[in-house]
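# Please find the sequence and the predicted model below.
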Amino acid sequence: MKIKSAIFASLSGSIAESLYLKSKNIASVETPVLITNNPSSSFISRMEKYNETVHVFEKSVQQEDNILKFLISNQVNLIFLAGYMQILKPTILNAFPRKIINIHPSLLPKYKGIHGYRDSFQSSDDYGGITIHYVDEGVDTGEIISQVCFSKNPSQDLDCFIERGKEIERIFYPQVYEQLILSHRSLNE
């Protein structure tokens with residue numbers, strides 16, 4: 001059985017691209033469907049170099065219904081959020097329980113929300129980190145799947161701290177993506 005994933009991104013799409021590239025190296029995975037809510041996202045042009053279409057679903061009253069229909073028609077099994085800057089509503093959450101995964105730039109439960117790196121950097125913690133978790137109805141409250149931490153360097157500024165975290169994200173998230181895909185496949189065989 002081949003697994004079909006969806007990758008959602010709103011911003012540059014660099015982490016989403018790393019998931020896409022990982023999918024090309026897993027025999028049991030079909031090419032993922034690619035989704036954005038931002039028609040000016042760099043994710044779109046980033047994926048054009050692979051001749052892939054990123055499907056745009058702009059915010060509207062029907063947005064989530066339209067996304068859900070699209071996911072069902074494409075027989076998507078798992079959803080991976082990679083810089084998707086919109087909270088999913090029950091329409092999609094209820095249709096994909098424990099099948100929506102997000103990456104967050106802090107060691108949850110610390111520093112929830114969109115400023116995880118900044119809040120972590122400004123804290124008294126000696127480290128920062130990345131969390132991959134299931135998505136639930138809360139903001140960054142879903143069950144933790146995996147985490148990785150990295151030490152703070154006192155000589156680095158916030159931009160360097162964020163770039164270091166992003167470098168780790170581009171390695172860490174694809175590894176967890178592969179584990180979840182293979183686990184999902186074995187559960188459904």
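Nice, I can see it. Numbers count the residues shown, from 1 in each chain.
# Stretch 45-65: which residues count as buried?
Neighbour-count burial for stretch 45-65 flags Arg46, Met47, Val54, Phe57, Gln63, Glu64 (criterion: 16 or more other C-beta atoms under 10 Å). Heads up, the C-betas are built off the backbone N, CA and C, glycines and all.
# next one: stretch 127-141
Gly128, Gly129, Ile130, Thr131, Ile132, His133, Tyr134, Val135, Asp136, Asp140.
# May I have the distance across it, first residue to last?
End-to-end distance for stretch 127-141, by C-alpha to C-alpha, to the nearest Å: 21 Å.
# next one: stretch 83-102
Where stretch 83-102 begins and where it ends lie 8 Å apart, using C-alpha to C-alpha.
# Show me which positions of that stretch end up buried.
Gly83, Tyr84, Leu88, Ile92, Leu93, Ala95, Phe96, Lys99, Ile100, Ile101, Asn102.
# Which of those residues fall in strands?
Per DSSP state E, strands hold the following members of those: Ile100, Ile101, Asn102.
# Could you measure from the first one over to Ser155?
Computed as C-beta to C-beta, to the nearest Å, the Ile100 to Ser155 distance reads 38 Å.
# For my notes, please list the buried residues of stretch 45-65 in a markdown table and give distance to Ile79 for each entry.
Converted to a markdown table, these look like this (distance: C-beta to C-beta, whole Å):
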| residue | distance to Ile79 |
| --- | --- |
| Arg46 | 19 |
| Met47 | 17 |
| Val54 | 15 |
| Phe57 | 13 |
| Gln63 | 15 |
| Glu64 | 12 |
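# Mind telling me the two of these farthest from one another?
Spanning the widest gap among the buried residues of stretch 45-65 are Arg46 and Glu64, at 24.3 Å by C-beta to C-beta.
# Would you map the strands across this structure?
5-8, 33-36, 54-56, 78-81, 100-104, 127-134, 144-151.
# Between those strands, which one is closest to Lys112.
strand 100-104 (7.6 Å).
# what are the pairing partners of that closest one, and which direction each?
Partners of strand 100-104 in the sheet, by DSSP bridges, are strand 78-81 (parallel), strand 127-134 (antiparallel).
# Make TSV out of these and add distance to Met1.
TSV is the format used below for the strands paired with strand 100-104 (distance: least, C-beta to C-beta, whole Å):
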stretch	distance to Met1
strand 78-81	13
strand 127-134	22
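# Just give me how far the lowest-mean-pLDDT helix or strand in the chain sits from the chain centre.
For the chain, the helix or strand with the lowest mean confidence is helix 158-187, at a mean of 91 (criterion: mean pLDDT, DSSP states H and E). Counting by C-alpha atoms, centre = their mean, to the nearest Å, helix 158-187 is centred 9 Å from the centre of its parent chain.
# just stretch 143-161 next, same as before
On C-alpha atoms, centre = their mean, the centre of stretch 143-161 falls 17 Å from that of its chain.
# same check, this time on stretch 138-149
12 Å.
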